[in-house]
Structure formats: C-alpha cells, structure tokens
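Novice: Build the 3D model from these lines:
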Amino acid sequence: MADDLSAPLGRRKAAAPPARKARGKINFKPTEFPLARIAFGVTALIVVGIGARVLLVDDPMGGQPVAEIDMTGTRNVNAVADTVTATTSMATITAEPEMPVDQAGVTIVGDDVPASDPAAAEFGEAGADGLFPELLEDTEHGSIPRLGPTGQRPFDAYAKPSLTPDTADGKKLIAVVVTGLGLNDSGTSTAIDTLPEAVTLAFAPYGRNLGRTVASARAGGHEVLLQVPLEPFDYPESDPGPDTLLTGQAPRDNLQKLFNVMASFGGYVGLVNHMGARFTSSTADFAPIMEELGSRGLGYLDDGSSNRSVAAQLSTANRVEFARADLVLDLNPSRAAILSQLAALEARATEAGSAIAVISALPISVQTLAEWAKAAEDKGFAIVPVSALMKTAA
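Specialist: Modelled structure (predicted):
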C-alpha cells in the first residue's frame, strides 16, 4: 500500500514477471478446444452417409427383414406358402419392427383379396356388444348415441339392410313395430325368438339386463327402437314411467331426462314415443328434443296415437329421419280384432305402396302377428324394418 501511494502520478507499477511453466507440463484450456466444430463435422458425416445409402442402395423395405418363399415350387418347404398358395401366386412375408423374424406377417397380393367390411370402414370396429365406440358419448348418465367423427349417424349404423320403396320391385312393404319389450323377460324372449327378423322391436327403458336383452334381439336380426316416455293429457293419472318428459319444464331438465333414458341401452336407430299426446302437441317443449335427435343422428317414429302431434314438422326442420305409424293393431287385444287390423294394414300398403303399424308385446298380439307374418309374403307383401320406410318419410 505504501509503495502505491508514494509512486509518481501517471506512472504504472511494473508488472510482475510471468511465472515460469513447470517443466514437462502442458497448459491446457478447455475453452480453446473446438468442440462445436467437431460435433458439426460428425453430424455432417452421418447425414452424408444416410444420403449415400438412400441413393446407392436399392432397398425398398428400408432394412426391414424380408423372407422370400417359393409359391409354385414342388417341394413342401414352407407352411406359410402352403397356406396361401391356393389363393395367389405371390406373397410377401415381413417382420414388424417389434417382432422377431420368425413371427412373420403375410401380405397377399392378388385379384381375389377379400373386401373389407363396409360397416367397419365407415363406422369403425364394433365392440363385443355390437356397438360402435365412435358413435357413443360418455356422459354422467352413461353412454348415449352421437354423431361419429366424420358425421356418421347411429341411424345408418344400426339400420338393418332391407328393401326400400325404391328397390321393392312392385312388392308392397309393411313395417311392424312391437312396443313395450324388456319389461317381461319371458314375453320379450318369445317375441325375439318367434317373430321374423324384419319385425322391429321397441324396448322400454326400465327393464332389467337391457343391454344383454337388446344385444340378443340385434344378434337375432331385429332392428331396435328406444321408447321415450312423454306426458299424456291426463298425466299423472296415466303415468308413462320415471323420467317422463313434461310440458312447461325448462328444456335443460327435459334433456337431462332424455339422456338418462337414452343411456338405458344402445344400438337403436331412433326413438318412438310412449304416450305423450300433450307433449308431442307442444312445439315449445318438443322442439329442443327433436333438435337433439337431429344433432345426434337418430330417427323418430310417431306411434300415430295423437292427431295433434307436431313431430312431422319438427323432424323436417331438424333433418330427423321420420315416419308415422298408420295403425295400432291391438287396441282391442283379441285375435279376431288383431287379424282385422292386419287386413286393414294390408289394404293400406296395397293402396300406398307401404304401411307402418305398431303392436304391443302382449302374448296374444305376438302370437297373432307371428302367424300372420308367415303368410304375408305369399300375398305379395314384404315385411321390412321400420328404418326402410323412415328414410323416405316426409
């Protein structure tokens, strides 16, 4: 400190002489080593190597293991070749990236490759219950139908292939819907087993094991509808059941009831009213329901019990596939009366080209309908699922 204070102004203190390097040691500084240049050079070599392989090596499989087999040779040397020789003369066996070579997959190339399932292509693979997961929405009430990711409709997915008025070739088409199923196990099983496949079955949302029962009906070839309880004029003296949609309630409340009913089971093409003369005559109450059906790709069948129903107008406004039943077959549940109504149904179909009827699941009704159906085809009539006539209804 004293030397610094006594030094003349403007003159710097002499620098200390540099320290002498230890003999035999290298003074290495990491910051002076060109790591970035070396990394860049290595990367460039890798890129050049890959490009050279792509340009110079003819390997369309990109290094994936491939085994070639003789498909037409006379020696029995390959079990896979024996399996596919009968259908084609050329095969490519490849191993997936995660698989060892001996777990080979076979790709058959030929004109007779089986066509894929159109339903699977459009709606995806159905689950074990026969339902398409892409057409289901998980809600607090359970799974309910919805449009698919590309606009696929449950109506189309679950409709049974059938003749339509455009393809009937002169045949008169009749659709019959049996209502009230699912409440009585024995009666429901009888209807599923004895009625022709083309008869449509409508299930109430209150039965036990509905998922399994409806799956059995669909596996038996039947098209399915869901009955929705709607308010009649004399409610609550006449009570359609829990979750009945009521007039004068907030649309949100009725929609919550609707979703609860819709979650009872799956696989239906649309809904059919259970009672509901008051509700179906109220545009303000019915419109939000029909709008919801349109947005979810479902159809609606009016059972024809009320002339004041506005279902036809609302279905058109909301692009809902719709039909109205022409007759109720068992208002008088006796064999003679039901046969008389079936004759009237035939007359209606003969006059208009098609007709729709509803009938309950009473034992006498199911038995009489099954007997009539056996002779209907001989008379020139074709029994069709109700969706076949809903598609062209106004």
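Novice: Strands along the stretch 151-300 of the chain, start to end?
Specialist: Using DSSP state E, counting those that start in this stretch, the strands assigned to the stretch 151-300 of the chain run over residues 172-181, 200-203, 224-230, 270-275, 299-302.
Novice: Worst mean pLDDT across the helices and strands of the protein, which element?
Specialist: Scoring the helices and strands of the chain by mean pLDDT, DSSP states H and E places strand 105-108 at the bottom, with a mean of 34.
Novice: how close does G221 sit to V177?
Specialist: As judged by Cβ to Cβ, to the nearest Å, G221 and V177 stand 15 Å apart. Every C-beta, even on glycine, is put in place using the N, C-alpha and C of the backbone.
Novice: quick one: which of the two has more around it?
Specialist: Neighbours per residue (other Cβ atoms under 10 Å) separate G221 from V177, with V177 holding more: 23 against 13.
Novice: Is the more buried one in contact with V358, as I believe?
Specialist: Yes. Using Cβ atoms under 8 Å, V177 makes contact with V358 at a distance of 4.8 Å.
Novice: Any figure for the gap between T167 and V384?
Specialist: Distance, T167 to V384, by Cβ to Cβ: 10 Å.
Novice: Between the two, tell me which one has more neighbours.
Specialist: Shown here are T167 and V384; by other Cβ under 10 Å, V384 has more neighbours (25 against 10).
Novice: Apart from its neighbours in sequence, what residue is nearest the more buried one?
Specialist: With sequence-adjacent residues excluded and distances taken as Cβ to Cβ, 6 or more residues apart in numbering, V384 is closest to S162, at 4.6 Å.
Novice: now swap in Q227 and tell me
Specialist: Sequence neighbours aside, H274 is the residue nearest to Q227 in space, at 4.4 Å (criterion: Cβ to Cβ, 6+ apart).
Novice: How about the contacts made by the one you found?
Specialist: T179, A204, Q227, V228, P229, L230, P240, G241 (Cβ atoms under 8 Å, 6 or more residues apart in numbering).
Novice: what sits against the fifth one?
Specialist: Taking Cβ under 8 Å, 6+ apart as the criterion, P229 is in contact with P205, P240, G241, P242, D243, T244, L245, V261, H274, M275, G276.
Novice: Not counting its neighbours along the chain, what's nearest it?
Specialist: Nearest one to P229, counting by Cβ to Cβ, 6+ apart, is P240 at 3.3 Å.
Novice: pLDDT score for that neighbour?
Specialist: pLDDT recorded at P240 is 97.
Novice: Check S162 too.
Specialist: pLDDT, S162: 95.
Novice: now V176
Specialist: 98.
Novice: and if you look at E377?
Specialist: Value for E377, per-residue pLDDT: 89.
Novice: again, but for S340
Specialist: S340 is given a pLDDT of 98.
Novice: What helix or strand is it located in?
Specialist: With elements taken from DSSP states H and E, the one containing S340 is helix 335-352.
Novice: May I see the buried residues of that helix?
Specialist: Across helix 335-352, burial judged by 16 or more other Cβ atoms under 10 Å covers I338, Q341, L342, L345, E346, R348, A349.
Novice: Surely T280 and Q313 touch.
Specialist: No. With contact defined as Cβ under 8 Å, T280 does not reach Q313; the gap is 11.0 Å.
Novice: neighbour-wise, which of those two wins?
Specialist: Comparing T280 with Q313 by other Cβ under 10 Å, the one with more neighbours is T280, at 28 against 14.
Novice: Excluding covalently adjacent residues, which one is nearest to the more buried one?
Specialist: S309 (4.0 Å).
Novice: Now do the contacts for that neighbour.
Specialist: With Cβ under 8 Å, 6+ apart, S309 has these contacts: A277, T280, S281, D302, R324.
Novice: switch to 7 Å and redo it
Specialist: T280, S281, D302 (Cβ atoms under 7 Å, 6 or more residues apart in numbering).
Novice: That one is in what secondary structure piece?
Specialist: Short version, using DSSP H and E: S309 is in no helix or strand.
Novice: per-residue confidence at it?
Specialist: pLDDT, S309: 98.
Novice: and what of G41?
Specialist: Looking at G41, the pLDDT reads 76.
Novice: swap in the one 10 residues further on?
Specialist: As summarised for this prediction, G51 has a pLDDT of 70.
Novice: rewinding a little: wait, the residue nearest to V384 sits on A382?
Specialist: No. Counting by Cβ atoms under 7 Å, S162 does not reach A382; the two are 8.5 Å apart.
Novice: any weak-confidence spans in the stretch 51-200 of the chain?
Specialist: For the stretch 51-200 of the chain, applying pLDDT under 70 flags the ranges 52-121.
Novice: do that again at 80, thanks
Specialist: When residues are selected by pLDDT under 80, those of the stretch 51-200 of the chain lie in 51-121.
Novice: how many neighbours does L147 have?
Specialist: The tally of other residues near L147 (other Cβ under 10 Å) stands at 17.
Novice: Drop anything exposed from the contacts of H274.
Specialist: The buried subset of the contacts of H274 - by 16+ other Cβ under 10 Å - is T179, A204, Q227, V228, P229, L230, P240.
Novice: and the last one, what is it in contact with?
Specialist: What that stands for is P240. P240 is in contact with P229, L230, P232, H274, M275, counting by Cβ under 7 Å, 6+ apart.
Novice: how close does it sit to A287?
Specialist: Taking Cβ to Cβ, one finds P240 at 20 Å from A287.
Novice: those helices in the stretch 151-300 of the chain, which residues are they?
Specialist: All helices of the stretch 151-300 of the chain, identified by DSSP state H, counting those that start in this stretch, fall at 154-158, 185-194, 210-219, 251-262, 283-296.
Novice: which of those helices sits most buried?
Specialist: The highest average neighbour count among the helices of the stretch 151-300 of the chain, using mean count of other Cβ atoms under 10 Å, belongs to helix 154-158 at a mean of 23.
Novice: residues near the nearest residue to P149 once chain neighbours are set aside, how many?
Specialist: Residue nearest to P149 in three dimensions, not counting chain neighbours: E134, with 6.2 Å by Cβ to Cβ, 6+ apart. For E134, the count of nearby residues is 17 (other Cβ under 10 Å).
Novice: can you confirm E134 is in a helix?
Specialist: Yes. Assignment of E134 by DSSP: H, G, I helix; E, B strand; the rest coil places it within a helix.
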